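Engineer: how would this look folded up:
(one chain, ligands or ions: 2)
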Amino acid sequence: MMKTVVITGASRRLGLFLAEQFIARGDRVFAVSRSTSNEFTSIDSANFHAVQIHGYDKLGVEQAVTAIKPQVSHIDLLINNASVFEADPKDNQEIESKLTLFFQIHMLFPSLLTHELAPLLFDEKTPGLVVNMTDIYADNPSHQHSLYCSTKAGLENLTRSFAKKFAPGIRCNSIMPGPLKFLPEHSQAQKEQVLNATLLPFEAGFNPVFQTIEFILANPFVTGTAIKVDGGRSICRG
Ligand SMILES: NC(=O)C1=CN([C@@H]2O[C@H](COP(=O)(O)OP(=O)(O)OC[C@H]3O[C@@H](n4cnc5c(N)ncnc54)[C@H](OP(=O)(O)O)[C@@H]3O)[C@@H](O)[C@H]2O)C=CC1
Ligand SMILES: Nc1nc2c(c(=O)[nH]1)N=C([C@H](O)[C@@H](O)CO)CN2
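Structural biologist: Ligands and ions are numbered 1, 2, ... in the order given. Purely as a prediction, here's the structure:
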């Protein structure tokens, strides 16, 4: 049975990977993105819908909902994936603007989008599923990334509130990744430092997240919880 899937932050890396996987298994995908990715042109499917927004804020939610709602009668899966990853600013004057950015993309946008799409996700017989991408650092933060970690922790808490608020017609869970894929700016020394503090010391890639989403989709009794996909890093690092 074809599922309807909405993915935010879909223009690259995990979001794009997930969009490609769901298209490949015959599902319909609405890929929400600020940027029209060149990669989208390589997804040759009538089931693929690029939804361009101007940014991850209230207007962006309105743009996404306006584009999606007329085309669907039910949404099976919403993946709140969009995220910004930066260390804390060195200049305290930048804290307010940076925390606002982190709050908008990690909490405001997922909250508003989930509430706006809830009527299309809600079905007591076949509940829709919301998956929020957080981070193992939401539980035990890196103090150099306090703004990133605290807003990811906020998304973790929102996940459990949504599970309570929308049950039994919507299930809501989070995935807490560990080192999936380093960024180009990561040095070899940084990569080794991370993997040396990870029980399964390898860069996992994005498929383990797709496998976890498939598990949650197939298991009707999972809601209000976080699933760590981290190679054991969360119990290994100090
Ligand atoms: N990669 C990893 O190892 C880990 C990833 N995670 C989490 O998994 C999810 C996917 O990770 P990954 O694919 O690496 O994420 P990326 O850093 O590639 O970002 C994902 C999307 O977020 C949007 N985005 C990124 N930076 C900004 C910005 N400055 N302003 C506005 N939007 C921005 C973009 O969406 P758009 O397409 O609209 O441009 C981008 O495609 C994220 O939630 C991340 O926090 C957690 C732990 C480890
Ligand atoms: N939005 C993002 N969040 C995170 C990323 C990323 O690339 N984008 N990466 C990490 C990890 O530190 C990873 O790069 C190595 O462990 C955390 N969150």
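Engineer: contacts and neighbour counts: CA atoms only from here.
Structural biologist: OK.
Engineer: Now G15. Nearest residue, chain neighbours left out?
Structural biologist: Closest residue to G15 apart from its sequence neighbours, by C-alpha to C-alpha, 6 or more residues apart in numbering: G9 at 5.6 Å.
Engineer: brain fart, V51
Structural biologist: V32 (4.6 Å).
Engineer: pretty sure that neighbour is touching G15, no?
Structural biologist: No: applying C-alpha atoms under 8 Å as the test, V32 and G15 come out as separate, 9.2 Å apart.
Engineer: Who has more neighbours out of these two?
Structural biologist: Taking other C-alpha atoms under 10 Å, V32 and G15 do not tie; V32 has more neighbours (30 against 22).
Engineer: right, is stretch 117-134 up against ligand 2?
Structural biologist: No: contact of stretch 117-134 with ligand 2 is not found when judged by C-alpha under 6 Å from any ligand atom; the minimum separation is 8.2 Å.
Engineer: can I get the CA coordinates of the strand ranked longest in the chain in CSV?
Structural biologist: In the chain, with assignment by DSSP state E, the single longest strand is strand 170-177. Listed next in CSV are the C-alpha coordinates belonging to strand 170-177 (Å, rounded to 0.1, in the frame of the first residue of the first chain):
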residue,chain,number,x,y,z
ILE,A,170,-1.1,9.8,15.5
ARG,A,171,2.0,8.1,16.8
CYS,A,172,5.1,10.3,17.5
ASN,A,173,8.6,9.2,18.1
SER,A,174,12.2,10.5,17.8
ILE,A,175,15.4,9.0,16.4
MET,A,176,18.6,10.0,18.2
PRO,A,177,21.5,9.5,15.7
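Engineer: Pull up the overlap in contacts between V32 and G15.
Structural biologist: Residues touching both V32 and G15 (C-alpha atoms under 8 Å, 6 or more residues apart in numbering) are I7, T8, G9.
Engineer: Pull the contacting residues for the residue of the chain found nearest ligand 2.
Structural biologist: The nearest approach of the chain to ligand 2 comes at P179, 3.6 Å away (C-alpha to the nearest ligand atom). Contacts of P179 were listed using C-alpha under 8 Å, 6+ apart, and they are V194, L195, F202, E203, A204, D230, G231.
Engineer: got the phi/psi numbers for the closest residue to E39 other than its chain neighbours?
Structural biologist: Once flanking residues are discounted, E39 sits nearest to S11: 7.4 Å by C-alpha to C-alpha, 6+ apart. Per-residue torsions, S11: phi -80, psi -10 (degrees, to the nearest 10).
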